[in-house]
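[1] I'll drop the sequence and a predicted model, then ask my questions.
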Amino acid sequence: MSYTVKEIFLTLQGEGGQAGRVAVFCRFTGCNLWSGREQDRESAQCRFCDTDFVGTDGVNGGRFETAAELAGKIDSFWPAPSEDNGRKLVVFTGGEPLLQLDTPLIEAMHVLDFDIAVESNGTVSAPAGIDWLCISPKAGAPLRQTQGTELKLVYPQPGLNPADLAQLDFRLFWLQPMDGAHQAENLKAAIGYCLEHPQWGLSLQTHKLTGIP
Ligand SMILES: C[S@@+](CC[C@H](N)C(=O)[O-])C[C@H]1O[C@@H](n2cnc3c(N)ncnc32)[C@H](O)[C@@H]1O
Ligand SMILES: Nc1nc2[nH]cc(C(=O)O)c2c(=O)[nH]1
Ligand code: SF4
Ligand SMILES: [Mg+2]
């Protein structure tokens, strides 16, 4: 299978339980819950997306014909040989990465000694072999992947309450304040919910606070 990639870059994971870790981000093109076009946003299943995942025109984006070719490109961004014992980490995101991430690519990344993290909306069930699976459910969209490492709910979402998700099979539970017009009040609401329901912790988008990609 070939892969279409919006962008590939080295940064710090900004969100969730691995925030602060160095990682190569591979952002796939395309999502099943929004076309990515502004004129379609109000009629989309997911309407608050903060990301451009359309096309292959981002930094180091393109079409990759084989898993080995894409894995080699991702590896080329890792800053040093792993002689310092630091584990190599790739974060597959998008768009919706589970529309494209497959077993050959997972195996190719593991051959290169990468830990594999994924950011998914949970509407597609995940293949085996992912080392860190973050699921971020979306109101009104079917949740098919109900098990993983962390569940990260963008908050608040009318029609999708944390209590509806609290029994699922995840190790970590995060509320991530919805960025956009009401960011300040969403932050306040998320903090308030966590303080009353300590199963949930606060996930901040720290890359936005620090101004890195
Ligand atoms: C752009 S999405 C890509 C991965 C996947 N499609 C998903 O939704 O999980 C990456 C992460 O950003 C979160 N996100 C998207 N828009 C956001 C916003 N406006 N405020 C806070 N988090 C947002 C998503 O919920 C997800 O956890
Ligand atoms: N630094 C950084 N961390 C992130 N964590 C999840 C992101 C995403 O867009 O999936 C993201 C992102 O875009 N940048
Ligand atoms: S599911 Fe993820 S990538 Fe797709 S529109 Fe929503 S936040 Fe954006
Ligand atoms: Mg992002």
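    Perfect, I can see it now. Ligands and ions are numbered 1, 2, ... in the order given.

[2] can we go C-alpha only for contacts and neighbour counts from here?
    Will do.

[3] Ile212 is in what secondary structure piece?
    Using DSSP states H and E, Ile212 sits in no helix or strand.

[4] grab the nearest non-local neighbour of it.
    The shortest distance from Ile212 to any non-neighbouring residue, by Cα to Cα, 6 or more residues apart in numbering, is to Thr11 (7.2 Å).

[5] also Glu107?
    That would be Gly129: by Cα to Cα, 6+ apart, it lies 8.0 Å from Glu107.

[6] name the helices or strands packed onto the longest helix along the chain?
    Using DSSP state H, we find that the single longest helix of the chain is helix 183-196. Applying 3 or more Cα pairs under 8 Å, 6 or more residues apart in numbering; DSSP states H and E, we find helix 183-196 packed against strand 172-177, strand 201-202.

[7] now the longest one, how far from the chain's geometric center?
    Read that as strand 172-177. Relative to the centre of its chain, strand 172-177 is centred 13 Å away, using Cα atoms, centre = their mean, to the nearest Å.

[8] what packs against it?
    By 3+ Cα pairs under 8 Å, 6+ apart, strand 172-177 packs against strand 150-155, helix 183-196, strand 201-202.

[9] just checking, what packs against the shortest one?
    Counting contacts by 3+ Cα pairs under 8 Å, 6+ apart, strand 201-202 is packed against strand 172-177, helix 183-196.

[10] nearest to ligand 2, out of these?
    Nearest to ligand 2 among the helices and strands packed on strand 201-202 is strand 172-177; the distance by Cα to the nearest ligand atom comes to 11.1 Å.

[11] circling back to that earlier point, Provide a list of residues in contact with the residue nearest to Glu107.
    Residues near Gly129 by Cα atoms under 8 Å, 6 or more residues apart in numbering: 103, 106-107.

[12] ligand 1 contacts on the protein?
    Taking Cα under 6 Å from any ligand atom as the contact definition, the chain meets ligand 1 at 48-51, 93-96, 119-121, 135-136, 154, 176-180.

[13] picking that back up, now render the helices and strands packed on strand 201-202 as a markdown table, adding mean pLDDT.
    Putting the helices and strands packed on strand 201-202 into a markdown table (pLDDT from 0 to 100) gives the following:
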| stretch | mean pLDDT |
| --- | --- |
| strand 172-177 | 99 |
| helix 183-196 | 98 |
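
[14] on that earlier part again, which of the helices and strands packed on helix 183-196 sits most buried?
    strand 172-177 (a mean of 23; mean count of other Cα atoms under 10 Å).
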